[in-house]
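Chemist: sequence unknown, structure follows:
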């Protein structure tokens, strides 16, 4: 009996130890997935985040998305560990509307919206009654109106909330600009069909437009700068701390200066 009992006990112990080893290995795993929309922010993940994280011992996979819905869905269900594609206004609205608990860790340099034209060489050249294509979503439309006001092309109601201003808040329109709301993805093509087009930076770059060709670039509020987002329950993990450390590093800013020309820096980076 003893001859059979001892091997059976040893087998049970070895099985328990192997299971513990597997759990420990899984807990210590540094294999991660980061997601971003195709274009400049997946480029930023590949060029800036991935090498820096690999130096810290992570195995990194970058997942590209073609829309603004799936990156947050994937983050919420655990398919991603972090994503980079959205600003804080979008993140807060999306999280609230979809019952998600997501958190922005830190803002990064972001491609600004620009006013582009094939017909005018400067803002001063804009003719009375010129047409301007603008985003048809409220958030990016508000950004457009703020850019136009900053450049004295319109005057907005000072009582209006900046993040939600719309055409109805325009008090003065001295050039009688005609606004043509369209899907943001079509704004680069609208440069051909409209006198002016307000193109968000990510769409401009995806269409191989040069940010510096804009008649004017947005003086972007930090609420509209993109950020690294995670599930709120993971905001204090070592990975989250490492992501913040990477963005705050001098090497990250140097790469932005060399490879992401025209990107506006968040206040914390510009003022340090």
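Modeler: Yes, it's here. Everything numeric here is computed off the predicted structure, so don't read it as measured data. Residues are numbered from 1 along each chain as shown.

Chemist: When you work out contacts or count neighbours from here on, use the C-alpha atoms and nothing else.
Modeler: Noted.

Chemist: Parallel or antiparallel, which strands does the host helix or strand of residue 63 pair with?
Modeler: Assessed by DSSP states H and E, residue 63 sits inside strand 59-65. According to DSSP bridges, strand 59-65 forms sheet pairs with strand 31-37 (parallel).

Chemist: contacts for the partner strand?
Modeler: Under the contact criterion CA atoms under 8 Å, 6 or more residues apart in numbering, strand 31-37 has outside partners 42, 45, 58-68, 71, 79-85.

Chemist: same thing but 6 Å
Modeler: For strand 31-37, the external contacting residues (CA atoms under 6 Å, 6 or more residues apart in numbering) are 42, 58-66, 80-85.

Chemist: tell me the least confident of the residues you listed?
Modeler: Lowest in pLDDT among the contacts of strand 31-37 is residue 66, which has 85.

Chemist: What are the buried residues along stretch 223-238?
Modeler: With burial defined by 16 or more other CA atoms under 10 Å, the residues of stretch 223-238 counted as buried are 224-231, 235.

Chemist: again, but for stretch 62-82
Modeler: In stretch 62-82, counting by 16+ other CA under 10 Å, buried: 62-65, 71-72, 74-76, 79-82.

Chemist: Repeat that for stretch 195-215.
Modeler: Buried residues in stretch 195-215, counted by 16+ other CA under 10 Å: 195-205, 209, 211, 214-215.

Chemist: now swap in stretch 136-154 and tell me
Modeler: Along stretch 136-154, these residues count as buried under the neighbour rule (16+ other CA under 10 Å): 139-149, 153-154.

Chemist: Farthest pair within the residues you listed?
Modeler: Across the buried residues of stretch 136-154, the longest distance by CA to CA is 19.4 Å; it joins 139 and 153.

Chemist: mind listing which of the buried residues of stretch 195-215 are in strands?
Modeler: If you go by DSSP state E, the buried residues of stretch 195-215 have 196-199 in strands.

Chemist: Break the chain into its domains for me.
Modeler: Domain assignment of the chain by automatic domain parsing yields the ranges 30-110+223-270, 114-219.

Chemist: Give me the below-cutoff pLDDT ranges for the protein.
Modeler: The model of the chain has pLDDT under 70 over residues 1-29.

Chemist: show me where the chain has helices.
Modeler: Secondary structure of the chain (DSSP state H): helices at 2-27, 40-44, 50-55, 70-76, 88-98, 138-150, 187-193, 201-206, 238-247, 250-259, 267-270.

Chemist: could you give the angle of the fifth one to helix 138-150?
Modeler: When you say that, I think you mean helix 88-98. Compare the direction of helix 88-98 with that of helix 138-150 by axes from the mean of the first three to the mean of the last three CA atoms, to 10 degrees and you get 160 degrees.

Chemist: quick one: buried residues of helix 88-98?
Modeler: 88, 90-91, 94-95.

Chemist: now, which of these sits nearest residue 255?
Modeler: Closest approach to residue 255 among those (CA to CA): residue 88, at 23.4 Å.

Chemist: ok, back up a step: would you turn the buried residues of stretch 136-154 into TSV with distance to residue 260?
Modeler: Formatted as TSV, the buried residues of stretch 136-154 follow (distance: CA to CA, whole Å):
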residue	distance to residue 260
139	24
140	22
141	24
142	25
143	21
144	22
145	25
146	24
147	21
148	24
149	27
153	29
154	30
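
Chemist: Against residue 263, how distant is the closest residue to residue 253 other than its chain neighbours?
Modeler: Nearest non-adjacent residue to residue 253, counting by CA to CA, 6 or more residues apart in numbering: residue 247, 7.6 Å away. Residue 247 sits 14 Å away from residue 263, taking CA to CA, to the nearest Å as the criterion.
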